[in-house]
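# just the structure for this:
(one chain, ligands or ions: 1)
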Amino acid sequence: MASNGSARSGSGGRAAAQGGGRTSTASRKRNAEPNGHGSAETDVAATAQSPTSLRGRPESREQLIDFYRQMVLIRRFEEKTGEMYTRAKIGGYCHLNLGEEATVVGVMSALEPRDYVFTNYREHGYILGRGVDPNRVMAELFGKETGVSRGRGGSMHLFDAEARFMGGYAIVGGQLPLATGAALTIAHKGLDEVVVCQMGDATTNIGAWHESLNIAQLWNLPVIFLIVNNQFGMGTSVEKGSAEPDLYKKACAYRMRAERVDGNDLLAVRDATLRAVEAGRKDKAPTVLEAVSFRHRGHSVVDPDRYRPREFVEKGRSHDPIPAYGRSLLDAGLLDENGLKQIDDQVNRIVEASVAFADESPEPEPKDLYVFDFASEVPNIDRSLPGDHTGLADIGGAAALGGR
Ligand SMILES: Cc1ncc(C[n+]2csc(CCOP(=O)(O)OP(=O)(O)O)c2C)c(N)n1
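Next comes the predicted model:
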């Protein structure tokens, strides 16, 4: 586990490891001057126009096409979510993954069902990427009993024990100690699962970030700290919020392996995640993985997004990962235009059906107000891993939800 002061990196490839790889001029300048404060120009996925080639990939044609389908599902689901919010079908806070689809699918596709996922509140795409039924996700956003958290969690608190999707945390950085703890349990039990802990760029300035990285490296815990660097924490740019704006370099302080990757390049994200997963499974080595991304809209659905320079937004939008990956499928001869359209139509039907399901689903019963509150029996009392229980036993078990 030794390192000589600089963060250990993955095997390189197309992903940047500690300063190498594809970085913009602005970023290269900052790499040379570690404390330089550049503009918000960072690395907005300079290469999404020419993503990693699909030719010679180890994945099957079906898998490569399915990655596209998953990205389109997240895109349409999130567009619909924004629409439903403005129609007051969804309440509370709501943060979308629009623009971050390649990062989401790239990471999630590299995991096994036995792995665990913790996220912040911008998590709809991750739970869909985990294969959870869009109906149950939309129902949760609508606050309905059929939702993944039985309507109690809403947008920021999606949860599905079976999928080992551990949420959905509204407190910035709240997921980090929990994910690190889950990784400790895995290491303690001698299992080979890994934990992905997703967060935004601003989260790397929170105390829990430093505490979690320190313990993870010190105790060899299989956790991947995934920074989705969409370059703004609400209205604050990375450069204004972080003394080290090349976020993956922060891992260096803990001698942790780290990579930066173009978050618009699905396959580059997937490859970097596969390297991190292998490090976690085999060596119990944690990783910081920074995916430089771009959110198409404001911080949340009610944010008018007046703080980002127009050119920055235009540039970010022009590197949209979905058409770029679609073009790659065409170029590689894996699909034709008609095939792309069929996927779009199929996904639209799924998303429409999820709205109908959510609309028709019942509200939680007032009599169940105190179910799942602090006084309930704690499902993990026997020190099992999170996700070993459905957590439904205290209200009649899985049968109450039709066998789920
Ligand atoms: C401890 C804490 N402080 C402040 C907030 C308010 N807040 C909510 S989101 C957010 C910005 C976080 O940005 P980032 O980590 O980059 O995540 P992103 O929204 O880009 O996914 C802040 C400050 C909070 N929820 N929790």
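
# so the helix ranked longest in the chain, near the ligand or not?
In the chain, with assignment by DSSP state H, the single longest helix is helix 61-86. No. In terms of C-beta under 6 Å from any ligand atom, no part of helix 61-86 sits within range of the ligand; the closest distance is 13.4 Å. Bear in mind the C-beta positions are built from the backbone N, C-alpha and C, glycine included.

# please name every helix or strand in contact with that helix.
For helix 61-86, the packing partners by 3 or more C-beta pairs under 8 Å, 6 or more residues apart in numbering; DSSP states H and E come out as helix 101-108, helix 124-129, helix 134-141, helix 266-283, helix 321-331, helix 337-360.

# for the shortest one, the averaged confidence score.
Looking back up the chat, that one is helix 124-129. Helix 124-129 comes out with an average pLDDT of 98.

# closest residue of the protein to the ligand?
Nearest to the ligand in the chain, going by C-beta to the nearest ligand atom, is residue 200, at a distance of 1.9 Å.

# who are the contact partners of that residue?
By C-beta atoms under 8 Å, 6 or more residues apart in numbering, the residues touching residue 200 are 120, 122, 172, 227, 228, 229, 230, 233.

# list the beta-bridge partners for the first one.
According to DSSP bridges, residue 169 are recorded as the beta-bridge partners of residue 120.

# measure how buried it is and give me the count.
25 (other C-beta atoms under 10 Å).

# cool, the fifth one as well?
Using other C-beta under 10 Å, residue 228 has 26 other residues around it.

# tell me the secondary structure for it?
strand (DSSP: H, G, I helix; E, B strand; the rest coil).

# isn't it right next to residue 204, touching?
No. Between residue 228 and residue 204 there is no contact under C-beta atoms under 8 Å: 10.9 Å.

# deepest-packed of the helices and strands packed on helix 61-86, please.
Stretch with highest mean neighbour count among the helices and strands packed on helix 61-86: helix 101-108 (a mean of 30; mean count of other C-beta atoms under 10 Å).

# how far does that helix sit from its chain's centre?
Averaging C-alpha positions (C-alpha atoms, centre = their mean, to the nearest Å) puts helix 101-108 7 Å from its chain's average.

# the inter-axis angle of that helix versus helix 61-86?
On the basis of axes from the mean of the first three to the mean of the last three C-alpha atoms, to 10 degrees, helix 101-108 is oriented at 120 degrees to helix 61-86.

# would helix 101-108 count as contacting the ligand?
No. Using C-beta under 6 Å from any ligand atom, helix 101-108 never reaches the ligand; the gap is at least 10.9 Å.

# ok, the closest residue to residue 332 other than its chain neighbours to residue 339 distance?
Spatially, and ignoring its direct neighbours in sequence, residue 332 is nearest to residue 54 (4.0 Å; C-beta to C-beta, 6 or more residues apart in numbering). Separation of residue 54 from residue 339 (C-beta to C-beta, to the nearest Å): 14 Å.
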